[in-house]
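Peer 1: fold the following for me, if possible:
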Amino acid sequence: MTDKADPKKMSFETAIEELETIVKRLEEGKVPLEESVAIYERGEALKRRCEELLRHAEARVEKITLDASGKPGGTAPLDVN
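Peer 2: Numbering: from 1, shown residues only. Now for the predicted structure:
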């Protein structure tokens, strides 16, 4: 699996798609042990990437500002550290 893209640079959609493929392969139980360990580790990296992207998206949604009447009035800058 070393020929795959770096999870840290993947879009959410690409990472989740590959993660779903890994889960299916592991659930089938037909993968040799060493390969199972390697794809499990890759799956963990993909899971972390998806969680990171979801946290960023959630933070952006939370940054929507409301006007005096409680209606969305715009967005505030997202502080991503």
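Peer 1: what segments of the protein are helices?
Peer 2: Applying DSSP state H to the chain gives helices spanning 12-28, 33-62.
Peer 1: so what touches the shortest one?
Peer 2: If you take C-beta atoms under 8 Å, 6 or more residues apart in numbering as the criterion, helix 12-28 is touched by 4-5, 7, 10, 31, 36, 39-40, 42-43, 46-47, 49-50, 53-54, 57. Glycine gets a C-beta too; all of them are placed from N, C-alpha and C.
Peer 1: kindly recompute the last result at 10 Å.
Peer 2: 1, 4-5, 7-11, 31, 35-36, 39-54, 56-57 (C-beta atoms under 10 Å, 6 or more residues apart in numbering).
Peer 1: only the buried residues of stretch 20-38, if you could.
Peer 2: Buried residues in stretch 20-38, defined by neighbour count with 16 or more other C-beta atoms under 10 Å: 22, 25, 31.
Peer 1: what mean pLDDT does stretch 55-67 have?
Peer 2: Mean pLDDT, stretch 55-67: 79.
Peer 1: distance between it and the chain's centre?
Peer 2: Relative to the centre of its chain, stretch 55-67 is centred 18 Å away, using C-alpha atoms, centre = their mean, to the nearest Å.
Peer 1: extract the CA atoms of it and return them as CSV.
Peer 2: Extracted C-alpha coordinates of stretch 55-67, given in CSV (Å, rounded to 0.1, in the frame of the first residue of the first chain):
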residue,chain,number,x,y,z
ARG,A,55,-13.4,18.7,12.9
HIS,A,56,-12.4,21.5,10.5
ALA,A,57,-15.8,21.4,8.8
GLU,A,58,-17.6,21.4,12.1
ALA,A,59,-15.5,24.4,13.2
ARG,A,60,-16.4,26.2,10.0
VAL,A,61,-20.1,25.6,10.6
GLU,A,62,-19.8,26.9,14.1
LYS,A,63,-18.3,30.1,12.8
ILE,A,64,-21.4,31.2,11.0
THR,A,65,-22.4,34.5,12.7
LEU,A,66,-26.0,35.5,13.5
ASP,A,67,-27.5,39.0,13.3
